[in-house]
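Engineer: Here's a sequence, model it:
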Amino acid sequence: MTTTTLAVLVPLLPFLGAAAGLLLGRTAPGFVRPLAVLPTLGALAAAVVVAVRQGGQEAVDAATELTPTGSVPIELALHLDGFAVLTAMLVGLVASCVQIYSTGYLRDDPRYPSYAALVSLFTSAMLLVVYSGDLMVLLVGWEIMGICSYFLVGHYWETPEARAASLKAFLVTKLGDVPFLIGLFALAIDAGTFRITGILNSVAAGAIDHPTFVALLLLAGVAGKSAQFPLHTWLPDAMAGPTPVSALIHAATMVAAGIYFVARLLPLFAASAAAMTVLAVMAAVTMVGSALAALAQDDIKRVLAYSTIGQLGYMAGALAVGDRGAAVFHLLSHGAFKAVLFLAAGVVIHAAGTNSLAAMSRMSGLARRVPDAYWTMTVALLALAAIPPFAGFFSKEAVLVAAEYTALGDRDVAPAGAGWTVLAAGLLTALLTAAYAMRLWLLTFRGKGAEAPDHGRQPVAMNAVLWVLALPSLTFGLAAVVLDDWFDGNALTPTTNTAVLSTGVALIGGLVTYGAWRHTTARATTVPMGAVAAHPQGEPAVSEAEAIATHTPAYGSIASAPDPADPGRLLLGPLHRHAAAGFHVDAAYHVLFVRPVQAAASLVRFLDREVVDTYVRGAGLTTGLLGAAVRRAQTGNVQTYLSVLLAGSVALAIAAVLVAAGA
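Structural biologist: Numbers count the residues shown, from 1 in each chain. Next up is the predicted model:
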C-alpha cells in the first residue's frame, strides 16, 4: 500500500467509525465501544507507518481536483512533511487513549454512543487539517471541529453551565472564523490557488499584494481556535464538558489547529513585520495573563485550562520569532503531558467525589487512593513546569532559544522587539507555571479538605492510558534531539543562558509556592462543615448556586470554606480576586458587546412592535372600516339604489355645468 493511500486512511478510518457508531448505536449497542476504539487505533497505526516512510525527508505531495470551479481550483491534496506526520501521530495517540479511557469514564452514560461517534468525527476532522494540502479542504476539518466541540462540550446539556459553555465556545470561535474565511479568500485571490505549496511559492515570489492585511485576518481565526487573547475566554468555560473531551481538545485537537495552521503558512506571516509583532504581543499577553489566572483558580480543570492557554502562548511566541520547528516541538510535547494531566484529573475528580467545581480546596487523602493518577500527574506537572529532563523542559527551551536568537539579531525572520517580548514573557511565565503547578500538586494531593467517601478503584482502562501517555511526557524531549530533520533542520537543544535562566526561575517559583503553602498551613484554622465562612480577605460569602454559575469557590455552602492553606492567595495578594475572575475579560465583553447588542435588540423589538406593527394594524383597521362602510351601503332596496344613482347623476350634471360656466 502506497504512502498516500495510507495517509488517506488516517482521517478516513475515524470518520467511518463515527458514521457506523451513529448508525448502530441504538440497534447494536454491543458494537459501540469497538467502533469507537478500533478505527482510531487503526488510524494511529497508519499514521505511524506514514511517519516512518516519510522519515522527515522531502515532503510527499499528492492532489486531485475535486470539481471544476471556473476560477481558483479546489483540490483534495495531501502534504506530508515532518510536521504533519508527527502531529498526526500525536492526534492518533491521544484520541486512542481518550476513546479507551472513555469506555470506563462514561461506561454508565446513556449518551455514550453519540459521544464516542462525535469524538471519532472530531479526531477525523483534526487529522484532515493536519494532512491537508489545500486550504479549502483544511477549512472543512476546521469547521467540523467547531461543531463537534459544540456538541461535546454540551454533552451534559441538562445543566445550564454545559449549555452556556457549548454556545460560548461555538460563538467565540465563529467570531474569529469570519475574518479567517475572508483572509483565506483574499489569500487565494492573490496567489491564484488554495494549495499550500502554491501559496508559499507566491509568498516567496512576492506575489501577495497585502500580506499584513491577510495575515491579520487569519490571526483572528487562529486566536479564536487556539484560545489566544482576546478570544481565549471560551476555553476555561468549556470545562463543563466531560473530562476526556477536555483532554482531547487541549492536547491534540481544536486548540492545536490554529498553531499548526500558522506553522504551515509561517512564511506568509513572516512577510509582514507588523503581523509578527502583533503575534508576539498577543502571545506575551496570553502567556502571562493565563498563568496568573491559573494561580488563582480552585477548580482543577480550570487551572489546567488556563495552563493550556499559556502553553499555546509559548507556541504562538515561537511562531512570532519565526521558528515553527520550536512551535510544533512544544505542541507535540505539550500534547502528551497535558493529556495526562486532564485524564488524571478525571480520576482525581472521581475519587474525590467533588461537585462540578472539582475544587482542589476540598480534596484530601488522594495520593494513596489514586496512586496511578498521583504518579503520572506528578510526572506531567514536572514536564509542565519544564524541569529537566522531562519533555516540557526541552520543548520550552526551544521556544526561549528561538526568542533569544531573534532578540540578539542572530535571526532576521522577525523584528528584534518581538524576540525580546517573547523572551521576557516566556521567562516570567516559566516562573508562574512552576508556581501554579506546585500549587495544584500540593492542594490536590497534600490538601487538608474533608476526605470524600471512597468510590472504589477506577477501571483499568482509565489508569492504563495514563502510563502510556506518561512515557512520552518523560522521554520525548530527549528523543527530539535526534529529530532535528523533522523540524526544518533547526537545532532544538537548549543553550546555557536560557536553560539556566528558565530552570532557575522555575525552581524559584516552585520553592516559593511550597514555602507559602507551609506558611499558610501553619496559620490555617479549621472551619466547621457547613459553617458560613467569610473570605480570608473579607470578601462576602456566596451560595453554592452562585459558585457554580460564576466558577468561584462556594464559601459557607454544603462544604467547608476554601482551604486557608492556599498559597495562591498569599502570592497574588490583592491581585488574586481579579486573577480568579480571568481579569474580568468576560465582564468587559459583556459591557462592550453584549449590552449594546441587547440594547439594539430591544430597540428593534420596540420599533417592530410599536411602529411597524402599528402601521400593519392601522392598514388592517382602515380596510375593515372601509369594508364596513361599503357593506352598510348594500341595503338590498332597489328604490334606494335608484335614488342614489339619480342623486349621483344630478351631482355630476351640476358639476359639469359649473365647470362649463367657469370655462
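Engineer: Quick one: neighbours of the residue lying closest to residue 583 once chain neighbours are set aside, just the number.
Structural biologist: Counting by Cβ to Cβ, 6 or more residues apart in numbering, the nearest residue to residue 583 once its immediate chain neighbours are dropped is residue 289, at 6.2 Å. Backbone N, C-alpha and C define where each C-beta goes, glycine included. Other residues near residue 289 come to 24 when the count uses other Cβ atoms under 10 Å.
Engineer: What helices and strands are in contact with the strand or helix carrying residue 289?
Structural biologist: With secondary structure defined by DSSP states H and E, residue 289 is part of helix 273-294. Based on contacts counted as 3 or more Cβ pairs under 8 Å, 6 or more residues apart in numbering; DSSP states H and E, the elements that helix 273-294 packs against are helix 211-225, helix 266-270, helix 300-320, helix 416-445, helix 576-580.
Engineer: these two touch, right, the residue nearest to residue 583 and residue 229?
Structural biologist: Yes - with the criterion set as Cβ atoms under 8 Å, residue 289 and residue 229 qualify as a contacting pair; they are 6.4 Å apart.
Engineer: Which stretch among the helices and strands packed on helix 273-294 approaches residue 82 most closely?
Structural biologist: Closest of the helices and strands packed on helix 273-294 to residue 82 is helix 266-270, at 14.0 Å (criterion: Cβ to Cβ).
Engineer: counting contacts, what elements does the closest one pack onto?
Structural biologist: Helices and strands in packing contact with helix 266-270 are listed as helix 196-204, helix 211-225, helix 273-294; criterion 3+ Cβ pairs under 8 Å, 6+ apart.
Engineer: Average pLDDT for it, rounded please.
Structural biologist: For helix 266-270, the mean per-residue pLDDT is 95.
Engineer: Can you pull out the residues in contact with that helix?
Structural biologist: Here helix 266-270 makes contact (Cβ atoms under 8 Å, 6 or more residues apart in numbering) with 187, 199-200, 203-204, 208, 211, 214-215, 218-219, 262, 275-276, 279, 319, 322, 324, 413-414.
Engineer: average model confidence for whichever strand or helix holds residue 402?
Structural biologist: Using DSSP H and E, residue 402 maps to helix 391-407. Over the span of helix 391-407, the pLDDT mean works out to 94.
Engineer: go on, stretch 464-480?
Structural biologist: Mean pLDDT, stretch 464-480: 89.
Engineer: Buried residues, it. List them.
Structural biologist: Neighbour-count burial for stretch 464-480, counted by 16 or more other Cβ atoms under 10 Å, picks out 465-466, 468-470, 472-474, 476-477, 480.
Engineer: Quick one: mean pLDDT over the helix holding residue 289.
Structural biologist: The average of the pLDDT scores along helix 273-294 is 96.
Engineer: and the angle for that helix with helix 211-225?
Structural biologist: In terms of direction (axes from the mean of the first three to the mean of the last three Cα atoms, to 10 degrees), helix 273-294 departs from helix 211-225 by 20 degrees.
Engineer: got the buried residues for helix 273-294?
Structural biologist: If you call a residue buried by 16+ other Cβ under 10 Å, then helix 273-294 has these buried ones: 275-294.
Engineer: which SS state does residue 66 fall under?
Structural biologist: What DSSP: H, G, I helix; E, B strand; the rest coil gives for residue 66 is strand.
Engineer: Show the contacting residues for it.
Structural biologist: Remark: with contacts taken as Cβ under 8 Å, 6+ apart, residue 66 is in contact with 74-76.
Engineer: Now render the residues you listed as a markdown table, adding distance to residue 164, neighbour count and pLDDT.
Structural biologist: Shown next, in a markdown table, are these (distance: Cβ to Cβ, whole Å; neighbours: other Cβ atoms under 10 Å; pLDDT from 0 to 100):
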| residue | distance to residue 164 | neighbour count | pLDDT |
| --- | --- | --- | --- |
| 74 | 36 | 20 | 85 |
| 75 | 40 | 20 | 87 |
| 76 | 38 | 16 | 89 |
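Engineer: which one of those sits closest to residue 401?
Structural biologist: Using Cβ to Cβ, residue 75 is the member of the contacts of residue 66 that sits closest to residue 401, with 37.2 Å.
Engineer: a strand runs through that closest one, doesn't it?
Structural biologist: Yes - the assignment for residue 75 (three-state DSSP) places it in a strand.
Engineer: show me the contacts for it.
Structural biologist: Residues counted as contacts of residue 75 (Cβ under 8 Å, 6+ apart) are 63-66, 133-134, 137, 194-195.
Engineer: neighbours around residue 570, how many?
Structural biologist: Counted with other Cβ under 10 Å, residue 570 comes out at 18.
Engineer: Now do it against residue 431, distance only.
Structural biologist: When distances are taken as Cβ to Cβ, to the nearest Å, residue 570 and residue 431 turn out to be 16 Å apart.
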